[in-house]
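**Student:** Quick one: sequence and predicted model below, then my questions.
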Amino acid sequence: MTTLLTRRPENPAANLGRRRALTGILEYAIASLELSAKQREDVESTYKECGAHLAKALGLSTDKGDIFPQGSMRLGTVIRPLRDITDVFDLDVVFRIVRLCTGNRPDVLHAAVGTHLRTKYNGSVKPLPKGWRLDFSRERDYHLDVIPSMDSELGGNVIAITDGTNWKDSNPRDYASWFERHAAVLPRFEGELVAFNEKRAIANSARIEPLPEHTEFKLPLQRIAQIAKRYRDFYFNKKTQQSALITSSIVVTTLLTHAYARNVTEKVFQSGFDLLLACVEDMSNYIEVVTVGNRTEFRVENPSLRSENLVEKWKDRRYSEAFFAWQKDFIDLLQQLLAHDAPQRQLLTEALGERAINSAFAKQADILSESRQHQILGIGATAGLTIDPVAPVPRHVIHGIK
């Protein structure tokens, strides 16, 4: 159990300055762990090329072959993983045949897609239970997982993905719409809000869907999800070495989205750091506890496919216990960072990685130096999980954290 550091009374302005400075450090640390502009261009070019190749190889007309990003790539929450062996980016796309899955065998489609991928990408193609991996880890620093699918009998945007000899329903497009709808609701802060342009709607091109609009700063919910996933990777892969029990990204993202929606509606915040802490503390409140006979089970409904329980594997109690332990550990870390005599830089380096934190401090120093040259003694927009109030910060706490 983590022991919180003892706090001594301090100037409220200094405490607020620290929280805003912490938000800025987190902003820049996580930004340094995203895909570069060149990588994004390469990924988009590759998956479009892949989709066109598969459609042609399978004899599909242009309106019957559909390829689009899913998961973190679609949500704008891609973050470099933190694992024991490899830290390359994991990216997912869905290749969809616009035809009902009824009467078609998933294993046959899976095999056919693999065969056609090998004719173009040869040794880079590796099998996965639900698709195929294009392994560009050495030359491009990422994997691109291609998931074959057809239309589900459920209709709408629900697709049926290959899962061995079975079809498995999924609905990544409606999930992304649900996430984006909540992310578009901006938090309220005490004081003046930094002006923020509304996120432009993502246009669907003909059957080959582009990546979401990329901006230097993320929406607050996107950044919160990235920070949580990075700390999850550290906790399970490094701190506890329980990678087999790691909580999936869709569970973390779903719970945080529910928490964000509630908190930005009901509360007014002083800083982006306060918003982050509130969401992490609140996320477990959206796990439903169900009694089945003499057993207690957990349920987290997929908002885009309500028949799916995202924590089905939590029937094995090790998974639920691991999630709650991670959440508590994450809250403890965030609370420790608030103590004015805590070694914040050391704690952040251990949790997020030395390269990311060094990059963040260097960026923050540049911003502060520029601000001082213009006689601006405030952190401002650089310290708000993208959006934060602008307020003066006393010179003696301008660095914010140690």
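**Tutor:** Cool, the structure landed.
**Student:** Return, as residue ranges, the portions of the stretch 101-250 of the chain with sub-threshold pLDDT.
**Tutor:** Counting by pLDDT under 70, the low-confidence segments of the stretch 101-250 of the chain come to 191-217.
**Student:** Surely residue 102 touches residue 153?
**Tutor:** Yes - judged on Cβ atoms under 8 Å, residue 102 makes contact with residue 153 at a distance of 6.1 Å. C-beta: built from backbone N, CA, C; applies to glycine.
**Student:** hang on, isn't residue 318 packed against residue 245?
**Tutor:** Yes - judged on Cβ under 8 Å, residue 318 makes contact with residue 245 at a distance of 5.6 Å.
**Student:** which one of those two has more residues nearby?
**Tutor:** With neighbours defined as other Cβ atoms under 10 Å, residue 318 and residue 245 compare such that residue 245 has more, 17 against 12.
**Student:** Tell me the spatial nearest neighbour of residue 169, not counting adjacent residues.
**Tutor:** If you skip the residues right next to it in sequence, residue 169 has residue 152 as its closest partner in space, 5.0 Å away by Cβ to Cβ, 6 or more residues apart in numbering.
**Student:** quick one: contacts for that neighbour?
**Tutor:** 100, 101, 158, 159, 160, 167, 169 (Cβ atoms under 8 Å, 6 or more residues apart in numbering).
**Student:** What of residue 360?
**Tutor:** The contact partners of residue 360, taken as Cβ under 8 Å, 6+ apart, are 24, 25, 26, 27, 28, 29, 32.
**Student:** Is the first one within a helix or a strand, and which one?
**Tutor:** Read that as residue 24. In this structure, residue 24 is located in helix 12-31 according to DSSP states H and E.
**Student:** Okay, buried residues for the next helix-or-strand element following that helix please.
**Tutor:** The C-terminal neighbour of helix 12-31 among helices and strands, as given by DSSP H and E, is helix 37-57. With burial defined by 16 or more other Cβ atoms under 10 Å, the residues of helix 37-57 counted as buried are 39, 42-44, 46-48, 50-51, 53-55, 57.
**Student:** Just give me the closest of those to residue 351.
**Tutor:** Distance ranking of the buried residues of helix 37-57 against residue 351, using Cβ to Cβ, places residue 39 first at 24.2 Å.
**Student:** do you know how far the closest one is from residue 330?
**Tutor:** Separation of residue 39 from residue 330 (Cβ to Cβ, to the nearest Å): 28 Å.
**Student:** what does residue 319 give?
**Tutor:** With distances defined as Cβ to Cβ, the gap from residue 319 to residue 330 amounts to 17 Å.
**Student:** show me where this protein has helices.
**Tutor:** The residue ranges that make up the helices of the chain, judged by DSSP state H, are 12-31, 37-57, 72-75, 106-121, 172-183, 220-233, 249-266, 272-282, 317-337, 344-352, 354-373.
**Student:** Could you identify which of the ones you listed is most buried?
**Tutor:** Highest mean neighbour count among those (mean count of other Cβ atoms under 10 Å): helix 220-233, with a mean of 26.
**Student:** Let me know the distance separating the residue nearest to residue 120 when sequence neighbours are not counted from residue 149.
**Tutor:** The spatially closest residue to residue 120, leaving aside those adjacent along the chain, is residue 53, at 5.3 Å (Cβ to Cβ, 6+ apart). For residue 53, the distance to residue 149 under the criterion Cβ to Cβ works out to 17 Å.
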